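Engineer: from the sequence below, what's the structure:
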Amino acid sequence: MTAALLLHRADGGRPSCTFQPAAFGTSDPWAAAREIAWQGPGAMCAGRITLSGEIDVAQHPHTEIWVVVDGELSLRAPGSPARVLGRGEAAVIARGTALQVQVRGRAVVGFCAFEAQAGTPASPAGPAGITALHAQADFKPSSPPAAHLLLGPTPQCRSDNVFHDEAAAVQAGTWDSTPYHRIVRPHPVNEFMFLLAGRVHFASPDGSVLEAGPGDAVFVPHGTPIGWESRETVAKFYLVQSLPA
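Structural biologist: Next up is the predicted model:
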């Protein structure tokens, strides 16, 4: 069975993973609402959070990407206007951010969070604050998969990296690509993705396949043997973390 974790299905179907209520670290402001599907090397975890009411956080203890999969919420940092996120919209909350979250009714977010080592300052390229991700991004050409990994033509890939934390080797943004087919190989990074367009078939060594499409949230751990096949243009929000070899 493929080890890619389908954290949320847009059609309301059952995810491909199990969730455990748990805090992320000792000062997690979302401890009562967080459910973790995966936690591993690199001080990273992924899962979902169910929110309601109004929450004020004096200093966010870690960095995480949120993608709203149900409902609507408002994020506000000091000196900035509120950002209202509806279904399918995303933002990165940087560690150190003073944050106010407001939810009318109930909202659910898919998340991927990571902790920097104690005493590590915020990276100059990723200061405290809220960074919105955009489906209509400022795309630039990005490197396609290496030729020896492909089972067909080389795709045209583009990305818009809008968040960087150099200390944690993390970046986040929006990516798209023309169709391509890639062999099963160990995934080189920890990666959270939320598909905006297109469908992807993730293959595993035993031949099983996980299919994901628009509105689905997926997490692929570093080192997971996994293949990729897309038969149409695919776009996604992503957060990736590079780990030492």
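Engineer: list the buried ones in stretch 172-191?
Structural biologist: Judged by neighbour count (16 or more other CB atoms under 10 Å), stretch 172-191 contains these buried residues: 172-182, 184-185, 187, 189-191. Backbone N, C-alpha and C define where each C-beta goes, glycine included.
Engineer: now stretch 203-211
Structural biologist: Those would be Ala203, Ser204, Leu210, for stretch 203-211 by 16+ other CB under 10 Å.
Engineer: and those as CSV, adding pLDDT and secondary structure?
Structural biologist: Shown next, in CSV, are those (pLDDT from 0 to 100; DSSP: H, G, I helix; E, B strand; the rest coil):
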residue, pLDDT, secondary structure
Ala203, 96, strand
Ser204, 94, coil
Leu210, 95, strand
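Engineer: of these, just say which sits nearest to Phe114.
Structural biologist: Leu210 (23.5 Å; CB to CB).
Engineer: show me what contacts the residue sitting nearest the centre point of the chain?
Structural biologist: Geometric centre of the chain, nearest residue: Phe192, 3.3 Å, by CA atoms, centre = their mean. Contacts for Phe192 (CB atoms under 8 Å, 6 or more residues apart in numbering) come out as Ala46, Ile65, Gly110, Phe111, Cys112, Ala217, Val218, Phe219, Tyr238, Leu239, Val240.
Engineer: helix or strand for the fourth one, just tell me which one.
Structural biologist: Phe111 belongs to strand 99-114 when elements are defined using DSSP states H and E.
Engineer: quick check: Arg34 touching Gly25?
Structural biologist: No. Contact criterion CB atoms under 8 Å: Arg34 and Gly25 do not qualify, at 10.4 Å.
Engineer: which of those two has more residues huddled nearby?
Structural biologist: Just comparing Arg34 and Gly25: by other CB atoms under 10 Å the higher neighbour count belongs to Arg34, 22 against 12.
Engineer: how close does the residue lying closest to the more buried one once chain neighbours are set aside sit to Pro221?
Structural biologist: Closest residue to Arg34 apart from its sequence neighbours, by CB to CB, 6 or more residues apart in numbering: Ile49 at 5.2 Å. Going from Ile49 to Pro221 by CB to CB, to the nearest Å gives 20 Å.
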